[in-house]
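Participant: Provide a 3D model corresponding to the input given below.
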Amino acid sequence: MVRPAFAGSFFMSESFDLIVIGAGPGGYVCAIRAAQLGMKVACVEKRATLGGTCLNVGCIPSKALLHSSEHYEETKHKLADHGVMVEGVKIDLARMQARKGEVVSANTKGIEFLFKKNKVTWLQGEATIPAPGQVAVAGTTYAAKHIVIATGSESIPLPGVEVDEKQIVTSTGGLELEKVPGHLVVIGGGYIGLELGSVWRRLGAEVTVVEFLDRLVPGMDTEVGKLFERVLGKQGIKTKLKTKVTGATKDKDGVTLTLEPAAGGAAETLKADVVLVAIGRRAFTGGLGLKEIGVALDERGRVVTDAHYATNIPGLYAIGDAIVGPMLAHKAEEEGVAMAEILAGQHGHVNYNAIPGVVYTWPEVASIGETEEQLKARGAEYNVGKFPFMANARARAMGDMDGFVKILADKATDRVLGAHIIGPDAGTLIAEIAIAMEFGASSEDVARTCHAHPSLNESVKEAALAVSGRALHI
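Facilitator: Next up, the predicted model:
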C-alpha cells in the first residue's frame, strides 16, 4: 500500500531501503551516495532548509563573514602597501550579513537540487525511532531496511553563563550580530571561537579570548599553537589562558563575567558587550528515542558503533558528530560515503589518520596526522622538516609571510606521519599532504614532485626537502 505524505514538494511511499536522519554534511552525502548505488532513500530534516548546522549556521556562513571581513581588513590596512590608495572605507554590516544569507541560501538550495536529481525523498520534520526498522516523522511512520543516525552536534553550555543569543551567544548568535560589539569576549580558544573572534576584531571590536587550558587550539602541534597565539596578538586579539569563567551577569550595558585561575585563586571580573560561548560541541542524540529501543550510548551521549558504523541494534547505524571522532564536516562526509557503500555490499573505508583540520583565520592553520607531541608520547623515531613562508617568493609577493610548513616523517621509512601549517591558504596546502598520506608516500616522494613556481605550494616541497636536510631556499 502506498500512502502519500507531505515532505517538502515530494510524495513518498511508506517503505525505503534507507532512511537517513539528519541532512547535514554526513547525512545528505550518505543519502545521495546510497541513491547513486541504487537504493530507495529518504532523508529526514527538521529545518526548513537542508544542510544541517554546517551550511545553515556553521561552516558556510562563518566563512562568508570571514571572507568579507578579510576584504575590509585588506582594504583598510594592507592595500596601501601595494600602491592602492582607498579613502573613506566603511562597513555596511547589514549588506555583509545579507550576502552571508545569500551564500547560505545558494548552498542549501543546491542540496535540494541534488536530492531531486538523485531521487532522494526529503521527509521534513523531527524524527523518532519507535522501533527498529521504523522512523516516525510528522505523524507518519515509515519502514526502512536500514536507518542511519546523522543528527550532528550542538554547542556545549557553560554552567553559570546563560545563553540568550543576544548578549551571550553561541556560534549561531555570533553570526547574526546587528552591530559590531565594542568588546567581544570569547570563551574557548578553539576553532570556532578564534574564527568568529577574528571576524569581529577585523570589523573593529576589541576581542579577548578566555581559555581554560594553557594554550590555544590545544589539539594542534605546540609549535604551531605558540606562533598562532603571537600572530593573533599582533592582530589585536588578547588572550587570558589558564582561566575559567564561573559566572555572568547581564544588564543593559553589557555582560560582566566572573573569572578565576584554572588552578584556583582570587576571582576577577571582565566586562563585555557580547560574550561568545565556544567551549566545544556535543553529540545531538536526544529526542530520537534511542534509549527506549536499547541503543548503546557512551558517557558523552554519542552513539556507540563498531568499525562499520553499526550500533548494537540490527539495521541501525550512526555517523558524523553523533559518534566518536573529530567533529568535522568533511569527516562526516567521508563516513557518509563509506556508510552507503557498506550498505551496498562494497568496502567503504575512512582513513582516520589522514583527516585534515583547519582554522580559517588569517593566516590559516592546518593540521593532519600526528603532532610531534603525539609521536614523542608513543616513542616514535621521526625526522622534522620545516620551511618558513618568509623564504617563499609568492608569499613575499603577497605580503603574507607569517608562518611555516612542518612535515614529520618516520625516521626509518621516511613515510609522512603528519604535517602542520600556519600561513596563507594553509587549508588548501594541507590537501597535498593528505593525498601523500593516503597513498603512504614518503617525504622524498613529496620533495621530488615538481611544484609550480612561484607558488605557496613550494613551501610544502621545501619542507619535505628539509626532512632530509636538503632544503634549497633557506
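Participant: tell me which residues touch the residue positioned nearest the centre of the chain, please.
Facilitator: By Cα atoms, centre = their mean, the chain has its centre lying nearest to L328, at 4.4 Å. L328 makes contact with 355, 357 under the criterion Cβ atoms under 8 Å, 6 or more residues apart in numbering. (Glycine included, C-beta is placed from N, CA and C.)
Participant: just E229 next, same as before
Facilitator: Each residue near E229 by Cβ under 8 Å, 6+ apart is listed here: 215-216, 239.
Participant: save those residues as CSV, and put in neighbour count, distance to F439 and secondary structure too.
Facilitator: CSV is the format used below for the contacts of E229 (neighbours: other Cβ atoms under 10 Å; distance: Cβ to Cβ, whole Å; DSSP: H, G, I helix; E, B strand; the rest coil):
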residue, neighbour count, distance to F439, secondary structure
R215, 16, 33, coil
L216, 25, 32, coil
T239, 19, 39, strand
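Participant: quick one: contacts of stretch 277-285?
Facilitator: Stretch 277-285 is contacted by residues 149, 151-158, 161, 163, 168-171, 174, 186-188, 190, 192-193, 196, 212, 297, 300-303, 321-323, 327 when judged by Cβ under 8 Å, 6+ apart.
Participant: and that stretch, end to end?
Facilitator: Start to finish, the residues bounding stretch 277-285 are 21 Å apart (Cα to Cα, to the nearest Å).
Participant: for stretch 235-249, same thing?
Facilitator: Stretch 235-249: ends 29 Å apart by Cα to Cα.
Participant: identify each buried residue in that stretch, please.
Facilitator: 235, 237, 239-240, 243-245, 247-248 (16 or more other Cβ atoms under 10 Å).
Participant: which residues are contacting that stretch?
Facilitator: Stretch 235-249 is touched from outside by 158, 160-162, 168, 187, 189, 194, 197-198, 201, 206-216, 229, 232-233, 255-263, 267, 270, 275, with contacts defined as Cβ under 8 Å, 6+ apart.
Participant: any of those residues buried? List them.
Facilitator: Buried subset of these (neighbour count, 16+ other Cβ under 10 Å): 158, 161, 168, 187, 189, 194, 197-198, 201, 206-211, 215-216, 229, 232, 255, 257-259, 270, 275.
Participant: contacting residues around the residue lying closest to I422 once chain neighbours are set aside?
Facilitator: The spatially closest residue to I422, leaving aside those adjacent along the chain, is G403, at 3.9 Å (Cβ to Cβ, 6 or more residues apart in numbering). Counting by Cβ under 8 Å, 6+ apart, G403 touches 227, 231, 363, 388-389, 421-424, 426.
Participant: which ones among these map onto strands?
Facilitator: Secondary structure from DSSP state E places 388, 421-423 of those in strands.
Participant: next, give me the two most distant ones among those residues.
Facilitator: Greatest spatial distance among the ones in strands among the contacts of G403 (Cβ to Cβ): P388 and I421, at 11.2 Å.
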